[in-house]
Each structure stands twice: as C-alpha cells, then as structure tokens.
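Asker: coordinates only, sequence not included:
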C-alpha cells in the first residue's frame, strides 16, 4: 500500500459478466500503478450464496440477491478514509467466506453488475463508466467461447443467454443512463454479413455537462465528422476503418460521441489517429498510442475497444488529478 490518501477517488465500472471489465480494469491498474488502486468486486456483496439462489430461483443480477445497505456503508467508509471488513464471495465454492480488511487507497474502483444501481452508492462515485456489449456481439462471443472451449451445444448457449436476459434488462442495462461514459460495442457496419463478431464498431458515448469532464473530440469540436483514415498513413486490411464524431442525445442527456468501426492493423500507426483527437487528457503527444502499445496482447487492442478503454482511463486520471488538487488547495487554505 502507498501512503495514506488525502482524498479517495471512487470510480464505478458497470456491465454484464463477460463484457470486458477485467481487461478494462487491467488497463486502469497499468495506468495508475497496482499499489495506487484497490478494486472492489461487488459480487462480494451477494446476500444469497449459490445454493440459496438456486433454491429461490433468484439470480445474482436480481437486487434481492445483493446487500446494498452494506455496500453503501462500506464504500462510503472507504471514501471517508476508513478501513472496512469486506465480505468475500467465493466463486469456486459459491459460498460467502469470512470478511477481509480493506484499507482506503488513492483510487478505489467499484466494479460489477450493480455499481450504479443503488442511488446512494451511485452518488458516491467520482467517475463512472458502463461497458455495453450489444446482444449480437455478446451472443457471437459466447457461442465461440462456450462451444469451442467448453464443448457446449448451440441450443444450450442460447438458452443460457435467454435465461439471463429478463434480469439483465430490468436491473443491469438501465444503469447506462447514469454513467459519465458508455463504451458501446456493436456489430460492424462495414460488412453486411459478419456473424462471428470479429470486426467491431465501438462507440464512446461521453455525457456533456459533467463537472470537470471534457469530452474528447475529432478534428472540430461540435461538428459532425465522417472520416476514413485508411491510406498512406494508416494501413488497413479489408473492409477498412471508418471513424465518426458528433453530438447526440443519450437517455435524454446531451452527449458527444466518438466511433471507430473496423480493425487497426498496425498499432504504431494509431499515433496518426491520436494526432487528430483533442481533449484526450494525455500528458504528452503519443501517450494514448504508447499505452495501447504497452499491452497489445490485451483483447480489443486492435479495434476501438482498446483505444476507448485507454482514452477513458486517461479521463479517469484527469478526474483524479483535478479532485486531489482541489482537496490540496482546500487544505492549504484551511492552514493559512
């Protein structure tokens, strides 16, 4: 653990299981350093163990299977700089294990199915992101993984997806409305028939009007831009790359949207795209590309997923620096 933080910055990362949260968390930890970040997995606040959920027919997505009162009290305590005795949900046994002591850290990432579900927990967040994988892509990924790697039948995979859908639609998906940033992964529009979900269209939906948060933009802020950067400065295989930027509305909020459709063949050349992006919160020219290149083996590095995860991480860093500088200024004024 690093020195005791003067200000704990809370980041919420929401989304369904299998939507890329673990890769995104690795990118955040890489950016800030492992000692600087504590990750709280909200599965630890399950109030029903696996056996009880099976007996009652209540899924882990259902709020009734989770202890939001304890979640709120403990996350609030961490934000106030106090240690907590956090329960542990054991994924191997499906049981709730004895609690562990968690100390406050400079950055506490609260990740899982419900970080933005409870209004009290949501109000504690300093920055929040929702990872939104469209049904078509989710089905393609799950079919590939479960059939190829786990030997499941197609019918069983589809049945498993459909059994989760009502609770996902009721309790998880509505959290998109409250996120500062939504990373949306959709099927490509560059190919008519891409059933495998290998080429993706990824949108970065940035809420406008969030205090201290400046949406990144392409070329000209507030304009609507369609850009095909493939050519002498960006190597693209078929079907190429298309980028988009423009204003939009999202759940009734004004939003600024960046989009990448297609695959990045040569990550070194992302510097060309980066040079046309503004308000990226980088410290130096090329930092976005450098961070992407550091872990080119991470899933999504060769499409808009990796690019926008890194960009969102940089925005989180900017939020952290703004809030801690503000805290230091208040402390200095109080000591005068």
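Answerer: The structure has been received and is ready for your questions. If you're wondering where the values come from, they're calculated on a predicted model, not measured in any experiment. Numbers count the residues shown, from 1 in each chain.

Asker: mind listing what's buried in the lowest-mean-pLDDT helix or strand in the chain?
Answerer: Across the helices and strands of the chain, mean pLDDT, DSSP states H and E gives its lowest value to helix 135-143, namely a mean of 80. Of the residues in helix 135-143, those buried by neighbour count under the rule 16 or more other CB atoms under 10 Å are 137, 138, 139, 140, 141, 142, 143. C-beta coordinates here come from the backbone N, C-alpha and C atoms, glycine included.

Asker: do the same with stretch 310-325
Answerer: 310-320, 323-324.

Asker: I'd like the next helix or strand past the least confident helix or strand of the chain.
Answerer: Next along the chain after helix 135-143, taking DSSP states H and E as the criterion, comes helix 154-167.

Asker: for the following helix or strand past that following helix, what is the average pLDDT?
Answerer: Using DSSP H and E, the helix or strand that follows helix 154-167 towards the C-terminus is strand 181-187. Summarised as a single mean, pLDDT over strand 181-187 is 94.

Asker: Now for residue 266, how many residues are close by?
Answerer: For residue 266, the count of nearby residues is 11 (other CB atoms under 10 Å).

Asker: from memory it sits against residue 235, does it?
Answerer: Yes: counting by CB atoms under 8 Å, residue 266 touches residue 235, with 4.8 Å between them.

Asker: re the thing from before, the least confident helix or strand of the chain: how far from the chain's middle?
Answerer: What separates the centre of helix 135-143 from the centre of its chain is 18 Å, taken as CA atoms, centre = their mean, to the nearest Å.

Asker: what's it in contact with?
Answerer: Identification of contacts with helix 135-143 by CB atoms under 8 Å, 6 or more residues apart in numbering yields 16, 18-19, 133, 154, 157-158, 160-161, 185-187, 195-197, 200.

Asker: Any quick ChimeraX command for the buried ones out of those?
Answerer: Those of the contacts of helix 135-143 that count as buried under 16+ other CB under 10 Å are selected in ChimeraX with:
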select :16,19,133,157,161,185,186,187,197,200
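
Asker: tell me which of the contacts of helix 135-143 is nearest to residue 37?
Answerer: Residue 37 has its nearest neighbour among the contacts of helix 135-143 in residue 19, at 20.0 Å by CB to CB.

Asker: quick one: the closest one from residue 172, how far?
Answerer: In this view, residue 19 and residue 172 are 10 Å apart by CB to CB, to the nearest Å.

Asker: shared neighbours, the two?
Answerer: Counting by CB under 8 Å, 6+ apart, nothing touches both residue 19 and residue 172.

Asker: The protein: helices as residue ranges?
Answerer: 21-32, 50-56, 68-79, 119-124, 135-143, 154-167, 270-274, 287-294, 304-335 (DSSP state H).

Asker: For the ones you listed, which has the smallest mean pLDDT value?
Answerer: Looking at the helices of the chain, the weakest mean confidence is helix 135-143, a mean of 80.

Asker: okay, the angle between it and helix 154-167?
Answerer: 130 degrees (axes from the mean of the first three to the mean of the last three CA atoms, to 10 degrees).

Asker: So residue 131 is in contact with residue 15, correct?
Answerer: Yes: using CB under 8 Å, residue 131 makes contact with residue 15 at a distance of 3.6 Å.

Asker: any common contacting residues for these two?
Answerer: Going by CB under 8 Å, 6+ apart, residues that sit against residue 131 and also against residue 15 are residue 21.

Asker: what sits against the nearest residue to residue 185 once chain neighbours are set aside?
Answerer: Distances taken as CB to CB, 6 or more residues apart in numbering place residue 133 nearest to residue 185, at 4.8 Å, with adjacent residues excluded. Shown in contact with residue 133 (CB under 8 Å, 6+ apart): 15, 16, 18, 19, 20, 141, 185.

Asker: pLDDT of stretch 212-229, averaged?
Answerer: 90.

Asker: Next, the buried residues of that stretch.
Answerer: For stretch 212-229, a neighbour-count test (16+ other CB under 10 Å) marks 213, 214, 215, 216, 217, 218, 229 as buried.

Asker: One more: stretch 244-264?
Answerer: Buried residues in stretch 244-264, counted by 16+ other CB under 10 Å: 244-246, 250, 255-264.

Asker: And for stretch 167-180?
Answerer: Buried residues in stretch 167-180 (16+ other CB under 10 Å): 167, 168, 171, 172, 173, 175, 176, 178, 179, 180.

Asker: Spit out the contact partners of the fourth one.
Answerer: With contact taken as CB under 8 Å, 6+ apart, residue 172 is in contact with 14, 15, 16, 61, 113, 114, 117.

Asker: Mind checking which of those land in strands?
Answerer: When DSSP state E is applied, the contacts of residue 172 are split such that 14, 15 fall in strands.

Asker: Narrow the contacts of residue 172 to those that are buried.
Answerer: Buried among the contacts of residue 172 by 16+ other CB under 10 Å: 14, 15, 16, 61, 113, 114, 117.

Asker: how about those in TSV, adding distance to residue 68?
Answerer: What follows is those, written out as TSV (distance: CB to CB, whole Å):
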residue	distance to residue 68
14	14
15	18
16	18
61	14
113	12
114	8
117	8
